[in-house]
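>>> give me coordinates for this.
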Amino acid sequence: MAAILIVEDEPKMRRLIEMQLGEHGYATLGAGDAETGLKLLRENPVDLVLTDFRLPGMNGLEFLHAAKRVNAGLPVVVMTAYGSVETAVEAMKAGASDYVLKPFSLDELVLVIRKELDAQRLREENRTLREELGRRYEYENIVAQSAKMQAVLALVERVAPTSATVLLGGESGVGKDMIARAIHQHSSRAAGPFVKINSTAIPENLLESELFGYEKGAFSGAVSAKPGKFELANKGTLFLDEIGDVPQATQVKLLRVLQEREFERLGGTKTIKVDVRLVAATNRDLRAALEEGSFREDLYYRLNVVAIEIPPLREHKEDIPPLARFFLERFAKETAEPAKELTAAAMGRLVEYDWPGNVRELENILQRAVTLSAAKTLDAADIHFDPPSRRAAPSAAPVLPEGMTLEQWEQEIIREALRRANGNKSQAARALGLSRNALRYRLSTMGVVDNPEKDS
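Purely as a prediction, here's the structure:
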């Protein structure tokens, strides 16, 4: 039975939450202020903390910092008013696991708590991951014999049975869609639909209607109503590829679905409830997108519950021989012909290559070789790589000043721009070619206080 500490200064609300959680089998402890909450936290084993952001005396953010000092790994869910999304993001930067916006339904709160407890269990299990890597994880249509890919599958094994949102990272072609499908197939939603959508394959003005559907007459050409991908994925899994390219207007609606599990079709007024697990993927650096202001912070923290980074093929080349045999056998089944074999020279050529296109490129090159060769075996001469993209010739001169890291050099440039602008951050941002939000983000990581008075 998981134990939950509830810190809420309104007695009726606190009692209501205690009763709801008790009905779902959770043990609860209640506190009306942060100081009492900290005392209970030090004296009792607790699995999760649920706290209001506004508290008498010590506020929710100060309480969060203090709770993390007592137990750094403890999940903390923050309750905050609907109009205070900025404070919720601030809390998540400080270490909160999730947040709920008031007013919220008690069922929604239970789902958030259950998700965080599942994620916490995953984190605890992953501490023993290195010891368990002796076990071999095998998934249909996934070739992963290397230690790096076995570590990925070990995470899949742990996250699949939970309801946690998963964010897959990695270069294009590493197999993020295969990992997403494996998560679905080994979850309690396996009998439900697996729906995939690639945000870059759909024009920006059509993406919202593809995700959420539309009603008849919503726009020119909408002669009948059409359900979106979220409706089609109900009781199943939605795999949203290239989420880093989703427009900001659509990000807002996507955030609402993750928070409240409801939305309206384009041109509609009826609220549609859905039960969908989201697995998202990106080959972009979302942290950099946050700095640029092109990706919402609150959405990022909603997505990044469990992150799985899939390594590029060049970092686990020991998987190339079994991958090559897997593809050759699959091509043979498709053509009803005997599988072709690779000579040692051909295999050596494959292993030596750098694979910028990763597993997808390996598959394409082998398929080309099988198609063009009439022999039963494939030799080195049958392996033809695509010409490398043109890159600037490397310079012999050092990129950074000696003894400086990239982060230190960037901070020095920012400080110099502020000195030249006499502390005016808007002027400094223009000189640096940054947006005001991007500069504000960098200054916060440097510990520089953002004083609006110097911005005028």
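
>>> tell me where the stretch 1-150 of the chain has helices.
Applying DSSP state H, counting those that start in this stretch to the stretch 1-150 of the chain gives helices spanning 11-23, 34-43, 60-70, 85-93, 106-126, 129-132, 147-159.

>>> what mean pLDDT does the third one get?
Right, helix 60-70. Average pLDDT, helix 60-70: 86.

>>> ok, the longest one next?
Per-residue pLDDT values across helix 106-126 average out to 84.

>>> of the helices of the stretch 1-150 of the chain, give the one that comes closest to E215.
In terms of Cβ to Cβ, the element of the helices of the stretch 1-150 of the chain nearest to E215 is helix 106-126, at 25.7 Å. Backbone N, C-alpha and C define where each C-beta goes, glycine included.

>>> now that closest one: buried residues?
Neighbour counts over helix 106-126 (16 or more other Cβ atoms under 10 Å) mark 109-110, 112-120, 122, 126 as buried.

>>> would you mind getting the angle between that helix and helix 147-159?
150 degrees (axes from the mean of the first three to the mean of the last three Cα atoms, to 10 degrees).

>>> domain assignment for the protein?
For the chain, the structural domains run 3-126, 135-309, 314-382, 406-455, going by automatic domain parsing.

>>> quick one: residues contacting the spatially most central residue of the chain.
By Cα atoms, centre = their mean, the chain has its centre lying nearest to L167, at 2.6 Å. By Cβ atoms under 8 Å, 6 or more residues apart in numbering, the residues touching L167 are 243, 280-282, 286, 303-308.

>>> am I right that it falls within a helix?
No: read with DSSP: H, G, I helix; E, B strand; the rest coil, L167 is strand and lies in no helix.

>>> lowest average confidence across helices and strands of the chain, where is it?
Across the helices and strands of the chain, mean pLDDT, DSSP states H and E gives its lowest value to helix 129-132, namely a mean of 51.

>>> returning to that earlier point: ok, so of the buried residues of helix 106-126, who is nearest D379?
N126 (43.9 Å).

>>> buried subset of the contacts of L167?
Using 16+ other Cβ under 10 Å, the buried ones in those are 243, 280-282, 286, 303-306, 308.

>>> can I get those in JSON lines including pLDDT?
What follows is the buried ones among the contacts of L167, written out as JSON lines (pLDDT from 0 to 100):
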{"residue": "I243", "pLDDT": "93"}
{"residue": "A280", "pLDDT": "95"}
{"residue": "A281", "pLDDT": "95"}
{"residue": "T282", "pLDDT": "93"}
{"residue": "L286", "pLDDT": "87"}
{"residue": "L303", "pLDDT": "88"}
{"residue": "N304", "pLDDT": "86"}
{"residue": "V305", "pLDDT": "84"}
{"residue": "V306", "pLDDT": "88"}
{"residue": "I308", "pLDDT": "94"}
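
>>> from the residues you listed, which land in helices?
286, 303 (DSSP state H).

>>> angles on the backbone of E262, please.
phi -150, psi 160 (degrees, to the nearest 10).

>>> who's in contact with it?
256, 271-274.

>>> and the gap between it and E116?
20 Å (Cβ to Cβ, to the nearest Å).

>>> and A31, by the same measure?
Distance from A31 to E116, by Cβ to Cβ: 19 Å.

>>> now N198
29 Å.

>>> one step back: sort out for me which of the contacts of E262 are in strands.
Using DSSP state E, the subset of those located in strands is 271-273.

>>> if any of the contacts of E262 are buried, put those into a ChimeraX selection.
This is how ChimeraX selects the buried members of the contacts of E262, with burial counted by 16+ other Cβ under 10 Å:
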select :272,274
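
>>> can you add distance to K68 and pLDDT and give the contacts of E262 back as JSON lines?
Formatted as JSON lines, these follow (distance: Cβ to Cβ, whole Å; pLDDT from 0 to 100):
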{"residue": "R256", "distance to K68": "29", "pLDDT": "90"}
{"residue": "T271", "distance to K68": "37", "pLDDT": "92"}
{"residue": "I272", "distance to K68": "38", "pLDDT": "93"}
{"residue": "K273", "distance to K68": "35", "pLDDT": "93"}
{"residue": "V274", "distance to K68": "34", "pLDDT": "92"}
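
>>> of the contacts of E262, closest to N424?
Of those, the one sitting nearest to N424 (Cβ to Cβ) turns out to be R256, at 36.7 Å.

>>> pLDDT score for the closest residue to that closest one other than its chain neighbours?
Using Cβ to Cβ, 6 or more residues apart in numbering and skipping residues adjacent in sequence, the residue nearest R256 is F263, 6.3 Å away. With respect to pLDDT, F263 has a value of 92.
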